[in-house]
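Engineer: Any chance you can model this:
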Amino acid sequence: MSGEERDREQLAEGTLISHLIELRQRLLKAVVAVFLCFIPCAFFSDKLFTFVAMPLIQKMPVGTSMIATSLISPFMAPLKLALFVAVFIAMPYVLYQAWAFVAPGLYKREKRFAVPLVVSSILLFYCGVAFAYFVVFPLMFAFLTTTAPTGVQVMTDITNYLDFVLLLFFAFGIAFEMPVATVLLAATGLVRLETMTKNRGYVILGIFVIAAFLTPPDALSQTAMALPMWLLYEVGIVLSRILLRERLAQQRSEEQSASS
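Structural biologist: Below is the predicted model:
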């Protein structure tokens, strides 16, 4: 091995080690941020659980309440919720650490495109969670608590309820990322904008099928998820059309400046 090859190998090894060190530091900062958010959340975990359970509590029949079927459920369920809330609060900072690690390897044009994409992804996920809590849960629980057969008393276990609402929070948060997914597909060229517009009917059918799998088996919950996804899909098509139009105009101006 020549000296030049040896120097190149040592440089590559040093660069890899420096990247790994930086990655460890970024991950450590993200974990610390989640932990710092977890401390106050754990202190108010009971109040957080009451807030999250309020849409069901308000719709339960008079004289009934939530129950705990396990001895440690009253302690672990609020604590588990506190951890998820801490991650939820710290997510912008966690994503910033991921962005700070990836950004040096991106071109200036890619950075200009990625920043609004990341910010809009965070905001849309939060909007999806808020929509599930303030709009879907009251409608869904009002229906589900009235469907019990005669002689059956509705008394939901707190652990099962928490797992159920966390799944729906995540499902609605991901569902509200529809504009971001549409813009990414159009910007990267994986799917042509004309194809997404032409096959709109198949997309709507797929949205209702996905909503049927992710929501309880009632038409109200399914529609409450499918309609926003459909509207956000249309918003994504409009944004993709604007983005592609601006990109085409920029390419034409670059070609004109190069030819002149």
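Engineer: residues of the helix or strand that contains Phe88 that come out buried?
Structural biologist: Taking DSSP states H and E as the criterion, Phe88 maps to helix 73-102. For helix 73-102, the neighbour count (16 or more other CB atoms under 10 Å) marks 73, 76-91, 94, 96-97, 99 as buried. No exception for glycine: its C-beta is placed from N, CA and C like everyone else's.
Engineer: so after it, what's the next helix or strand?
Structural biologist: Scanning forward in sequence from helix 73-102 by DSSP H and E, the next helix or strand is helix 108-131.
Engineer: going on from that following helix, what's the next piece of helix or strand?
Structural biologist: helix 137-144.
Engineer: tell me what the helix or strand hosting Leu220 is packed against?
Structural biologist: Using DSSP H and E, Leu220 falls within helix 219-259. Using 3 or more CB pairs under 8 Å, 6 or more residues apart in numbering; DSSP states H and E, the elements in contact with helix 219-259 are helix 137-144, helix 158-175, helix 178-188, helix 193-198, helix 200-214.
Engineer: Now do the last one: everything it contacts.
Structural biologist: Residues from elsewhere that reach helix 200-214, judged by CB atoms under 8 Å, 6 or more residues apart in numbering: 167-168, 171, 175, 196, 221-223, 225-226, 229-230, 233.
Engineer: swap in the longest one?
Structural biologist: Residues from elsewhere that reach helix 158-175, judged by CB under 8 Å, 6+ apart: 49, 52-53, 56, 66-70, 73-74, 76-77, 80-81, 84, 124-126, 128-129, 131-133, 136-137, 210-211, 214-215, 225, 228-229, 232.
Engineer: In PDB, list the C-alpha atoms belonging to stretch 137-157.
Structural biologist: Extracted in PDB, the C-alpha atoms of stretch 137-157 (Å, rounded to 0.1, in the frame of the first residue of the first chain):
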ATOM      1  CA  PHE A 137     -62.700  11.200  20.600                       C
ATOM      2  CA  PRO A 138     -66.000  12.900  21.700                       C
ATOM      3  CA  LEU A 139     -67.900  11.700  18.700                       C
ATOM      4  CA  MET A 140     -66.400   8.200  18.900                       C
ATOM      5  CA  PHE A 141     -66.900   7.700  22.600                       C
ATOM      6  CA  ALA A 142     -70.400   9.000  22.500                       C
ATOM      7  CA  PHE A 143     -71.200   6.300  20.000                       C
ATOM      8  CA  LEU A 144     -69.200   3.400  21.600                       C
ATOM      9  CA  THR A 145     -70.500   3.900  25.200                       C
ATOM     10  CA  THR A 146     -74.100   3.600  23.900                       C
ATOM     11  CA  THR A 147     -73.600   0.300  22.100                       C
ATOM     12  CA  ALA A 148     -73.300  -2.000  25.100                       C
ATOM     13  CA  PRO A 149     -75.900  -4.800  25.200                       C
ATOM     14  CA  THR A 150     -78.500  -4.800  27.900                       C
ATOM     15  CA  GLY A 151     -77.100  -5.900  31.200                       C
ATOM     16  CA  VAL A 152     -73.500  -4.900  30.300                       C
ATOM     17  CA  GLN A 153     -72.000  -2.000  32.200                       C
ATOM     18  CA  VAL A 154     -69.300   0.000  30.400                       C
ATOM     19  CA  MET A 155     -66.200   0.100  32.700                       C
ATOM     20  CA  THR A 156     -63.000   0.500  30.700                       C
ATOM     21  CA  ASP A 157     -59.600  -0.600  32.100                       C
END
